[in-house]
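Participant: this is the structure alone, sequence omitted:
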DNA sequence: TCATCTTATTTAACCGATAGGTTCGCATTG
DNA sequence: CAATGCGAACCTATCGGTTAAATAAGATGA
């Protein structure tokens, strides 16, 4: 057998027409159960596989989703990435469960995603996973939206931005980790992380932080820092030099920042958690290996992937969906002052 | 304009036949340069994109490569993964550069990859990226080979296994890191890592280790360990209990193992590198954050991705290729005894 | 001037599966 | 006995390109 078997080959062997084969393989009730089985049997023997391209062409859909990862070249991706890998894993699995394939690509903002993937029928919809300076692609988003592309974005919902997004509940995450610190009895707090428009996630975390402190008499301050170790260094040294002295606890908007903070404190001879508590956000794998182990907030990536895929498929089928927030999970280690396990 | 523009729409607008449009868009010299430009101009205005499915169907190729990640459920993937993400990044970029798309999927060994991807014309070839117990899929490999699937595998070449593989030069990597330790003047060595058939990479690293020690009078021993932190713990405690006492230096077959070793040594009150040197292999991101920083061997993932894609495309085009080893790069930190930067 | 060769386009045959419409055969019913 | 109903399988147009083969118009040469 030199050439790949087609449905005609099966039709010939089964003594039926080719269209009957197609129906039989799709388990159509229009064809008698016995012929159906006979056809399927032959298909199995021949190792027959329907040609995806022919099928897609005819059905005008690809049963494929494109996952676009876009990165801000200025950010240190080697430290952020693991989170996306976890997402990738859960997204591929969710896609597979729904019978969709996943096309993955790293993108820059210049590309015309709509044209590249949806117009060409390479994919039925897009999932955007990005990090870095978000403002850069707000314009892109509205463009996609205008084209009626089926898009699902990972990240915090932003009122001004068009389209649907799925993200973790940064507010309650920030709230719960702060409450945990409060339960230790700490009186003064510092939040390290940008809270401007370009970092909506950090902003929500900060709001959760503020909300938790709410009616307490605790003092608090805030320092800017992008998502990087260096920014953590810098912010920590500012804290160390502050005339007011160190707070009891530091809430970092991201684990990477916390890692930088821990290093800086260590250099300065400040002990964690004896002298000061430090917590992060993200639960990157590194968090389990810092000394002391970093108490942090974990995002449910498995659920995130499922939700993204699920809602995207709904959108493709024409059902309207809405933004969605996923619950976070407090991961307690030692940096908050809890005893070692 | 309600429906997606097709080549017929362009043909109509340009006043030429549809086939001329197709040729013009493919920059065929068969069509006059002026009509070519006119057609391309119109296509641009309409935001036309060729339908990938139609094109693929006719050309009998998909311009897509499938990347199959398969994992051994017993291994702790959260620690191994970052390496694969780096590979993923370089592979997507290499594919994009060659005009190929990348389909990504996590797989288990039961699936019929050949049928799933190549027979269905979803992809023109496969790249296998796996870890864990390699024996499990040796059989799978020969199956693929029998089917003449176009496959490229990441990993050490194994004589008995069919198919081509691209891997890093584990031998010279093990050799160079061991030589570096020798330059510190250490006299006795331990290698931690499995050296059986199921871990061909570790085996090569071990051989490099032995080769470096070669004619020296240095003593050396070896302990089994799979690629996990726990295995590192265990091996280290064996070392600590050994009547012969601790060696001067430990070469771990993987960074994760080294991380476990470092932890165990720390608990036992053994200082690194003052009392004993420890080195790893892989340069996982964690290696930069251990205390002390882990000296290790880095694999060139960017080059690896390129080579995998390049050779796979060659295979698809029918040109025979051969196994390929990539150079490694020694990353010196403090755990080997070198001063802090 | 007519035959010959280019060059530019068009015609038409696919690629392989899907789905709407139709036909065929057989059983039921007025 | 002819008319009707119905399930099962078949016929055929179609999806949107690609490309070999056919054709038309224009240029070259004897």
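Facilitator: Structure received. Keep in mind that this is a model prediction, so the values were computed, not measured.
Participant: surely residue A:109 touches residue A:140?
Facilitator: Yes. Between residue A:109 and residue A:140 a contact is recorded at 5.8 Å, counting by C-beta atoms under 8 Å. Every residue, glycine included, has its C-beta placed from N, CA and C.
Participant: compare these two (neighbour count), which wins?
Facilitator: The neighbour comparison of residue A:109 against residue A:140 (other C-beta atoms under 10 Å in any protein chain shown) goes to residue A:140, with 19 against 12.
Participant: what about that one, which SS state?
Facilitator: Following DSSP: H, G, I helix; E, B strand; the rest coil, the label given to residue A:140 is helix.
Participant: from chain B, how far out is it?
Facilitator: Relative to chain B, residue A:140 is positioned 16 Å away (C-beta to the nearest C-beta, to the nearest Å).
Participant: what sits against that residue?
Facilitator: By C-beta atoms under 8 Å, 6 or more residues apart in numbering or on different chains, residue A:140 lies in contact with A:109, A:113.
Participant: for it, give me the pLDDT.
Facilitator: We have a pLDDT of 76 for residue A:140.
Participant: in what helix or strand does residue A:35 lie?
Facilitator: Assessed by DSSP states H and E, residue A:35 sits inside helix A:33-46.
Participant: quick one: that helix near DNA strand D?
Facilitator: Yes. Using C-beta under 7 Å from any atom of the strand, helix A:33-46 reaches DNA strand D at A:34, A:35.
Participant: mind showing which ranges of the stretch 1-150 of chain A have poor pLDDT?
Facilitator: Residue ranges of the stretch 1-150 of chain A with pLDDT under 70: A:1-2, A:71-82, A:131-137.
Participant: again, only using 90
Facilitator: Applying pLDDT under 90 to the stretch 1-150 of chain A flags residues A:1-5, A:28-31, A:69-90, A:93, A:106-116, A:129-149.
Participant: how about the strands of the stretch 151-300 of chain A, start to end?
Facilitator: With DSSP state E, counting those that start in this stretch as the criterion, the stretch 151-300 of chain A has strands at A:151-154, A:164-168, A:188-192, A:219-223, A:249-252, A:277-279, A:296-299.
Participant: okay if I get these as JSON lines plus distance to chain B?
Facilitator: As requested, the strands of the stretch 151-300 of chain A are exported to JSON lines (distance: least, C-beta to the nearest C-beta, whole Å):
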{"stretch": "strand A:151-154", "distance to chain B": "16"}
{"stretch": "strand A:164-168", "distance to chain B": "18"}
{"stretch": "strand A:188-192", "distance to chain B": "19"}
{"stretch": "strand A:219-223", "distance to chain B": "22"}
{"stretch": "strand A:249-252", "distance to chain B": "15"}
{"stretch": "strand A:277-279", "distance to chain B": "15"}
{"stretch": "strand A:296-299", "distance to chain B": "12"}
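Participant: which one of those is the most hemmed in?
Facilitator: strand A:249-252 (a mean of 30; mean count of other C-beta atoms under 10 Å in any protein chain shown).
Participant: who does that strand pair up with?
Facilitator: Strand A:249-252 has the following strand partners under DSSP bridges: strand A:188-192 (parallel), strand A:277-279 (parallel).
Participant: let me see the ranges of the helices in the stretch 51-200 of chain A.
Facilitator: Assigned by DSSP state H, counting those that start in this stretch, the helices in the stretch 51-200 of chain A fall at A:52-59, A:77-97, A:113, A:138-146, A:170-183, A:200-213.
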